[in-house]
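Trainee: what's the 3D shape of this:
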Amino acid sequence: MVRLKDIAARAGVSVMTVSKVMRDATDISGATKERIRAFAREMGYVPDRQAQGLRSRTTKLLGLVMSAATNPIYARILMALEETAFEMGYEIIFAHSLKQMEREETIIRRMISRRVDGMFIYPVYRMNPTAPVYQELERSGIPTVILGHKAPFCQNFLNVETDDIGASQQMTRHLIELGHRRIAFFTGPPHVPWSQERLEGYRAALKEADIEFDDKLIFTGGGTISEGSAAALEFIDESCNATAIQAVNDLIAIGAASTLLDQGIKIPQDVSVTGFGNVLTSEYFRVPLTTVRQPKFRLGTAAMDMMKHLLAGEPAMSQRLSAEILVRQSTAAPKLSH
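Mentor: Have a look, this model is predicted:
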């Protein structure tokens with residue numbers, strides 16, 4: 001293994017000079033830095049990050065906890081985080097909670113023990129207002145940013161989120177403006193903040209248009225394509241005379257729309273369908289999906305900007321980013337309005 005003293009001997013300088021070059025010290029000339037770094041590359045020198053961490057009391061590691069990297073919403077956020085971390089000289093280590101509380105607790109504790117410099121977490125939402133592992137994380141002093149909506153158990157951390165109420169309200173308005181009066185809503189898990197906010201936005205738009213809320217138009221969707229499909233079958237069986245379906249996310253919308261089409265129900269001629277999230281599949285679905293475009297990359301860059309301030313010991317604020325609707329072929333005026 002190539003050591004600093006080997007580079008110093010080759011370059012004809014002191015070990016201290018080589019050490020300063022590796023730390024990019026300001027009292028070494030640019031020409032000297034370039035010459036010594038050229039020798040280091042030629043000799044195959046690789047810095048010992050652990051030794052550097054012991055000296056600087058940093059690890060240059062950022063932890064990321066997410067439910068599953070296969071979730072299409074996370075890909076762009078992860079890309080934004082990793083790109084900025086790379087520029088800052090940090091590495092991201094991530095693990096999947098798989099939406100399991102016990103697994104999430106183990107992961108967070110492991111990252112605390114690895115002394116990561118900061119942590120990003122997509123929380124596993126729970127009904128309990130407190131969670132011991134989040135209290136431990138707060139006591140550890142590790143800068144932490146919640147990716148998504150806060151809940152009582154993680155209330156004391158900064159977060160970055162989408163304005164789901166406003167975006168959902170905008171989507172319901174779009175359907176109302178097309179002439180829909182009976183709009184079914186396929187919900188997500190009841191204890192999850194983003195699901196609650198999207199339902200709240202739907203209700204707000206109905207109230208704004210003097211349309212009475214009807215709980216017979218609310219169907220439990222969940223979060224996956226298969227759950228959307230199951231909700232669509234229930235929707236068909238109930239014969240609720242709705243002319244539009246507003247789904248809590250794109251996967252629910254795609255599952256529902258696939259089932260409706262398979263049952264001979266035309267979209268949007270018979271029923272309009274909308275989603276939320278703008279995953280790649282939504283644009284290339286059999287009937288391109290009207291949906292909400294979440295600012296996924298901007299969410300990632302905003303989270304990393306917060307982390308930069310926290311790592312520097314500077315004040316930072318949570319951020320709530322607006323989203324916009326994308327109108328595609330899955331929505332149109334109901335038949336009765338023609």
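Trainee: now the strands for the protein?
Mentor: Taking DSSP state E, the strands of the chain run over residues 61-66, 91-96, 118-121, 144-147, 158-162, 183-187, 218-220, 244-247, 272-274, 291-293, 319-321, 324-326.
Trainee: now those strands as TSV including mean neighbour count?
Mentor: Placement of C-beta: from N, CA and C, glycine included. TSV is the format used below for the strands of the chain (neighbours: other CB atoms under 10 Å):
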stretch	mean neighbour count
strand 61-66	24
strand 91-96	16
strand 118-121	25
strand 144-147	24
strand 158-162	22
strand 183-187	25
strand 218-220	18
strand 244-247	30
strand 272-274	29
strand 291-293	23
strand 319-321	15
strand 324-326	15
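Trainee: alpha carbons only: can I get stretch 109-117 in PDB?
Mentor: Only the C-alpha atoms of stretch 109-117 are listed here, as PDB (Å, rounded to 0.1, in the frame of the first residue of the first chain):
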ATOM      1  CA  ARG A 109     -29.300   2.400  14.900                       C
ATOM      2  CA  ARG A 110     -26.700   0.800  12.600                       C
ATOM      3  CA  MET A 111     -26.200   4.200  10.900                       C
ATOM      4  CA  ILE A 112     -25.800   6.000  14.200                       C
ATOM      5  CA  SER A 113     -23.200   3.400  15.200                       C
ATOM      6  CA  ARG A 114     -21.300   4.000  11.900                       C
ATOM      7  CA  ARG A 115     -21.200   7.700  12.800                       C
ATOM      8  CA  VAL A 116     -22.700   8.900   9.600                       C
ATOM      9  CA  ASP A 117     -22.300  12.700   9.300                       C
END
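Trainee: residue contacts, the closest residue to residue 21 other than its chain neighbours?
Mentor: Excluding the flanking residues, the one nearest residue 21 by CB to CB, 6 or more residues apart in numbering is residue 36, at 4.6 Å. Residue 36 sits next to 7, 11, 13, 17-18, 21 when contact means CB atoms under 8 Å, 6 or more residues apart in numbering.
Trainee: distance of residue 36 relative to residue 97?
Mentor: 44 Å (CB to CB, to the nearest Å).
Trainee: residue 25 too?
Mentor: According to CB to CB, residue 25 stands 41 Å off from residue 97.
Trainee: those two: who's more crowded?
Mentor: Shown here are residue 25 and residue 97; by other CB atoms under 10 Å, residue 97 has more neighbours (21 against 12).
Trainee: I'd say the more buried one and residue 105 touch.
Mentor: No: contact criterion CB atoms under 8 Å: residue 97 and residue 105 do not qualify, at 9.0 Å.
Trainee: how about low-confidence regions in the stretch 201-338 of the chain?
Mentor: 336-338 (pLDDT under 70).
Trainee: which residue ranges of the stretch 1-150 of the chain form helices?
Mentor: Counting by DSSP state H, counting those that start in this stretch, one finds helices in the stretch 1-150 of the chain at the ranges 4-11, 15-22, 30-43, 49-56, 72-88, 101-113, 132-140.
Trainee: mind listing what's buried in stretch 13-32?
Mentor: Under the neighbour-count criterion of 16 or more other CB atoms under 10 Å, stretch 13-32 has 13, 17-18, 20-22, 28 buried.
Trainee: hmm, who's touching it?
Mentor: With CB under 8 Å, 6+ apart, stretch 13-32 has contacts from 4-5, 7-8, 11, 33, 36-37, 40, 47.
Trainee: a markdown table please, covering those residues and showing distance to residue 115 and pLDDT.
Mentor: A markdown table is the format used below for those (distance: CB to CB, whole Å; pLDDT from 0 to 100):
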| residue | distance to residue 115 | pLDDT |
| --- | --- | --- |
| 4 | 24 | 83 |
| 5 | 28 | 84 |
| 7 | 28 | 86 |
| 8 | 30 | 86 |
| 11 | 33 | 85 |
| 33 | 29 | 87 |
| 36 | 30 | 87 |
| 37 | 28 | 86 |
| 40 | 27 | 84 |
| 47 | 18 | 68 |
